[in-house]
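Student: with the input below, show me the fold.
(chains A and B)
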Amino acid sequence: MYAIEVNGLSKNFKVKIKEKGFKGSLKSIIKPEYKTIRAVDNISFAVEEGEILAFIGPNGAGKSTTIKMLTGILYPQSGGVSVLGIDPTKKRKQLAYNIGTVFGQKEQLWTHLTPYDNFKFFGAIYDLSAKEVEFRIDELRTTFELDEFINIPVRNLSLGQRIRCEIVASLIHKPKVLFLDEPTIGLDPVVKENVRKLIKQMNKELNTTIFLTSHDIGDIEKLCKRIIIVNQGQIVLDDSMENIKYHYLNKKIVEIKLKEEVEWPVEEGITIIKSKGCNAKLEVDTTVKKISDAIKWIDADNIEDITISNVPLEKIITEIYKNVEMRT
Amino acid sequence: MLMAAKNQFRVCFLSIKYNIMREMINKVTFLTNIFFMMLNNGTFIVQWLLLFQIKEDIGGYTLDQVMLLWGLAACTYGLSHVLFQKAFELPELIINGKLDSFLVQPKNVLLSVITSATNSSAIGDVLYGFVIMCVFSFSFGRLGLFILFSITGAIIITAFSVLVGSLSFWIVRGEMFGTNLTNILISFATYPDGIFKGAVKFILYILIPVGMTNYLPVHIMTNFNPLFMLTVLGYMVMLVIVALYVFYKGLKRYSSSSLMVARM
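Tutor: Alright, predicted model coming up:
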C-alpha cells in the first residue's frame, strides 16, 4: 500500500509585478500587473509505506510547496493528493492525527516552556490522555537522550537540542508519516549525525514513512534509498539511490602522488582536474577508458600513492540541476 | 462530537494558560502593565466628571450610565485581547504566512490561532471594567448581566476582527483597513449612543457592531428588555457564523511563506 499518492498535482501563485522606483509604485496602484508562477507543475509520484524518500531540488523548485499541499497547509490548483488514503484538502484534521511535521526553519515549540511542558501541550493537541503522554515522553526521552535538558526552558537550549525536541514533539502521537523539511539546517556535524541516526532508528522500529527535503547531501545519502529531484515545479528525476549512483557514477576521481613530476599529455577519457608538483587529481570517464587502463597510462611504476573514489553525490546532483536548467 | 469539543476546549485552555505564564515571566513588567492600563483608563473618569458638572445629561446618559458604558467597553476589549489577542493580528499572520504550524494540528485552526497569544495589559482593562461597574452601578442582577455582556461583547469584537482581518486573504494590505475598522469600534464604544443620529447610528449598530457590544447591553442593564437581549445574542451568533465562513473561505487562498519563524 502506498502511504502517499500524488497525481497531476499543480499549484500556481499570483505575484504582483512592480516596476522600479516611485513611478513604478504609482503605476502598480493604477494599473497593477500580475504574473502567475507555476510553483508545482503537474507532478505525480507515490511513496511506499515505510519508505524514506528524499524530495530535493534547488531553491524555489517547489519542494516546500509540495510538502505543504501534502500536509493540508496549501490547497492545490489541480490534481489529487492522498496521504494514508486521506485527502488533505477534505479531511485536514483527520490527516493531522496521522502525520508529523518538522519544519527546520519554523519552530512549533513554546520557547518559554520546558520541553516537558511542550510535549504535554502537544499531547493535548493530539487528544492523548495524561497517562499516555507521560508514557510516550518516557519512551522518547530515552531514545532522543533528552534527560539533560527536558526541564530547561526551550529558549535556553542549543539549536541541536531544540531540533531534537521539535522532532520529539512531532512524534508524540506516533505518526505514520513524518514530513521533514530541512530538519538538520544549521546543525553542527555531530548533532546532524545524531538526528539522522534517530530518524533512521524510528523508520526501522516503527516503519514510519519519511518524506524528507534537504539541501544537505549527507542527509540524503545516509537516510534515503530513493530520490525525487524537482526543478521549476517538475519532477526531473525519480530513481533509487543505487540506480543514480550506478548511472551517474561512471566517472571516477583518481588522486595520485607520483615519485617524479610528469607533463600530462592529452588523453581521451581523462581530464586533469588539478596538478601541482608530484600531486595530481584526475577524472576518468569509465565509459571511455577503463580504470585499469588509466592507471597504466599514468605509469604504475611512478605512483607512490593512489586514491580512487566516486564523484561525490553533491556533484552529481548539481550536474542534474544544471542539465535541467540548460535544457529549459 | 462532544469529546472533540471537550478536547478542543482543553487545548484552548492550555494555550491561554501558557500565554499568561509567558507574560508572567517578567513579574515587574506584567504587574506594571496591568496597573498602568487601569491608571490610564482611570484618567477618563475625571474627564467625564467635569463634563457632567456642566451638563446633567449627555446623549440621554447619566454619569452612572456613562461609567457603566466605560466599564463594559474596557471589559469587552480586555477580555477579547486577553483570550484572543491573535484575532487582532490576523492580517499579519495571513500576509506573512504564519498559519502553517496551526494547519498541521488536528484542531480548529481559527481557535488555535486566536488563542495563541495574550495581551497582559488587557488584564488591566478587565479589572478596571469590573471596578468601575461595582463602584458606579452595583447590583447582583446587573453584575450577572455585566459578565454576560462582557462575554458576548468580547466574542463580537473578536468575530468582527476575524471578519475584517480575513480580508487579507484577498487584499494585500488589508491589515490597514481591518485595523482601522477595529479601532473605530473601540473608539466609539466609550461615547453615549444618544449623541449619534441617523446613518451614523445605523452604521454603529449594524456595520461596526459597537451598538451590540456596548450600547444595547447598557440599555438592557439599566432597563431590562428580553427582546434586546435576544437581539444581542442573535447578532453575536450571526457574526460568528459569518466570520467563520469568511475565514475558512479565505484559508483556501492562503499562500504560506518560507520566512523563518519562532513561536516566542
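Student: and residue B:234, how far is that from chain A?
Tutor: Residue B:234 is 29 Å from chain A, where distance means C-beta to the nearest C-beta, to the nearest Å. Just so you know, the C-beta spots here come from the backbone N, C-alpha and C atoms, and that holds for glycine as well.
Student: burial measure for the closest residue in space to residue A:58 that isn't next to it in sequence, as a count.
Tutor: Nearest residue to residue A:58, sequence neighbours excluded (C-beta to C-beta, 6 or more residues apart in numbering or on different chains): residue A:321, at 5.3 Å. Residues within reach of residue A:321, counting by other C-beta atoms under 10 Å in any protein chain shown, total 18.
Student: residues contacting residue A:321?
Tutor: By C-beta atoms under 8 Å, 6 or more residues apart in numbering or on different chains, the residues touching residue A:321 are A:57, A:58, A:229, A:231.
Student: how about those residues, which pair is most distant?
Tutor: Spatial extent of the contacts of residue A:321 (C-beta to C-beta) is set by the pair A:58 and A:229 at 9.3 Å.
Student: what number of residues lie near residue A:200?
Tutor: Residue A:200: 14 surrounding residues under other C-beta under 10 Å.
Student: over to residue B:228?
Tutor: Other residues near residue B:228 come to 16 when the count uses other C-beta under 10 Å.
Student: distance of it relative to residue B:217?
Tutor: According to C-beta to C-beta, to the nearest Å, residue B:228 stands 8 Å off from residue B:217.
Student: what's the longest helix in chain B?
Tutor: Assignment by DSSP state H gives helix B:27-54 as the longest helix of chain B.
Student: is it in proximity to chain A?
Tutor: No - Helix B:27-54 stays clear of chain A (C-beta under 8 Å from any C-beta of the partner chain), getting no nearer than 12.6 Å.
Student: so what secondary structure elements neighbour that helix?
Tutor: helix B:63-83, helix B:121-137 (3 or more C-beta pairs under 8 Å, 6 or more residues apart in numbering or on different chains; DSSP states H and E).
Student: what's the helix or strand for the residue in the stretch 101-250 of chain B that chain A sits nearest to?
Tutor: Nearest residue of the stretch 101-250 of chain B to chain A, counting by C-beta to the nearest C-beta: residue B:106, 3.7 Å away. Applying DSSP states H and E as the criterion places residue B:106 outside every helix and strand.
Student: helices or strands up against the host helix or strand of residue B:228?
Tutor: Assessed by DSSP H and E, residue B:228 sits inside helix B:226-251. Judged by 3+ C-beta pairs under 8 Å, 6+ apart, the packing partners of helix B:226-251 are helix B:109-114, helix B:140-165, helix B:216-222.
Student: tell me the average confidence for the shortest one?
Tutor: For helix B:109-114, the mean pLDDT works out to 94.
Student: and the last one, by the same measure?
Tutor: Averaged across helix B:216-222, pLDDT comes to 93.
Student: spell out which residues of the stretch 51-200 of chain B are next to chain A.
Tutor: Counting by C-beta under 8 Å from any C-beta, the residues of the stretch 51-200 of chain B near chain A are B:99, B:100, B:101, B:103, B:104, B:105, B:106, B:107, B:172.
Student: so what's the backbone phi/psi at the residue nearest to the second one when sequence neighbours are not counted?
Tutor: Take residue B:100 and drop its neighbours on the chain: the residue closest to it by C-beta to C-beta, 6+ apart is residue A:73, 5.2 Å away. For residue A:73, the backbone dihedrals (degrees, to the nearest 10) come out as phi -80, psi -40.
Student: surely residue A:73 meets residue B:101?
Tutor: No - in this structure residue A:73 lies outside contact range of residue B:101 using C-beta atoms under 8 Å: 9.2 Å.
Student: give the buried residues for the helix holding residue B:228.
Tutor: For helix B:226-251, the neighbour count (16 or more other C-beta atoms under 10 Å in any protein chain shown) marks B:228-229, B:231-232, B:235-236, B:239-240, B:243-244, B:246-247, B:250-251 as buried.
Student: coming back round to it: adding mean neighbour count as columns, could you present the helices and strands packed on helix B:226-251 in CSV?
Tutor: Formatted as CSV, the helices and strands packed on helix B:226-251 follow (neighbours: other C-beta atoms under 10 Å in any protein chain shown):
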stretch, mean neighbour count
helix B:109-114, 22
helix B:140-165, 21
helix B:216-222, 21
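Student: quick one on the thing from earlier: state the mean pLDDT of the longest helix of chain B.
Tutor: Per-residue scores along helix B:27-54 average to 88.
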